[in-house]
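> Dropping a prediction and its sequence here:
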Amino acid sequence: MPPRRRTPPEVGRPALQQWLADPAAAPVEAVRTAVRFTLEELAEVAPGNSVEVRVPPHGAVQAVAGPRHTRGTPPNVVETDGETWLRLASGRLTWQDAVAGGTVHASGERADLSAWLPLQAARERPGAAGAWRAP
């Protein structure tokens with residue numbers, strides 16, 4: 001069972017949309033909310049405890065099915081910054097490019113998140129006026 005969502009979609013999606021509209025001008029609180037929302041989304045679409053995804057200082061989540069770790073540093077860790085994470089979650093950056101560019105540090109045999117990125121809830125897509133969509 002995935003963890004209980006702490007960032008409701010009606011709060012997370014607008015924060016993500018604000019970041020997508022202008023990443024450089026997005027307030028820190030919007031970035032934090034968007035990161036948490038998308039981390040929770042990852043945990044929902046890839047439930048499990050075998051990979052710890054860290055986006056300091058905004059949040060962290062355990063996801064991906066497989067062996068669970070219980071003590072110390074987990075064997076599968078992904079760590080990146082907020083901007084890189086949001087670019088990955090929204091499809092503005094590919095997993096391969098982020099790893100090759102050194103903006104994502106992934107260790108462990110299950111630490112490849114390319115199968116789940118971009119996240120459906122964060123993808124940019126056309127929509128009707130007033131509907132949720134990224135510009």
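Structure received. Numbering: from 1, shown residues only.

> what about the strands in this structure?
Assigned strands in the chain, in chain order: 51-55, 59-63, 77-80, 104-107 (criterion: DSSP state E).

> any idea which of the ones you listed is most buried?
strand 51-55 (a mean of 23; mean count of other Cβ atoms under 10 Å). C-beta coordinates here come from the backbone N, C-alpha and C atoms, glycine included.

> Just the CA atoms of it, as CSV, please.
What follows is strand 51-55, C-alpha atoms only, in CSV (Å, rounded to 0.1, in the frame of the first residue of the first chain):
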residue,chain,number,x,y,z
VAL,A,51,14.6,2.9,-3.5
GLU,A,52,15.0,6.0,-1.5
VAL,A,53,14.5,9.1,-3.6
ARG,A,54,16.0,12.2,-1.9
VAL,A,55,15.4,15.8,-3.0
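
> where do the helices sit along this protein?
9-21, 28-45, 82-90, 95-101 (DSSP state H).

> what angle sits between the longest one and strand 51-55?
Yep, that's helix 28-45 we're talking about. The directions of helix 28-45 and strand 51-55 differ by 170 degrees, with axes from the mean of the first three to the mean of the last three Cα atoms, to 10 degrees as the criterion.
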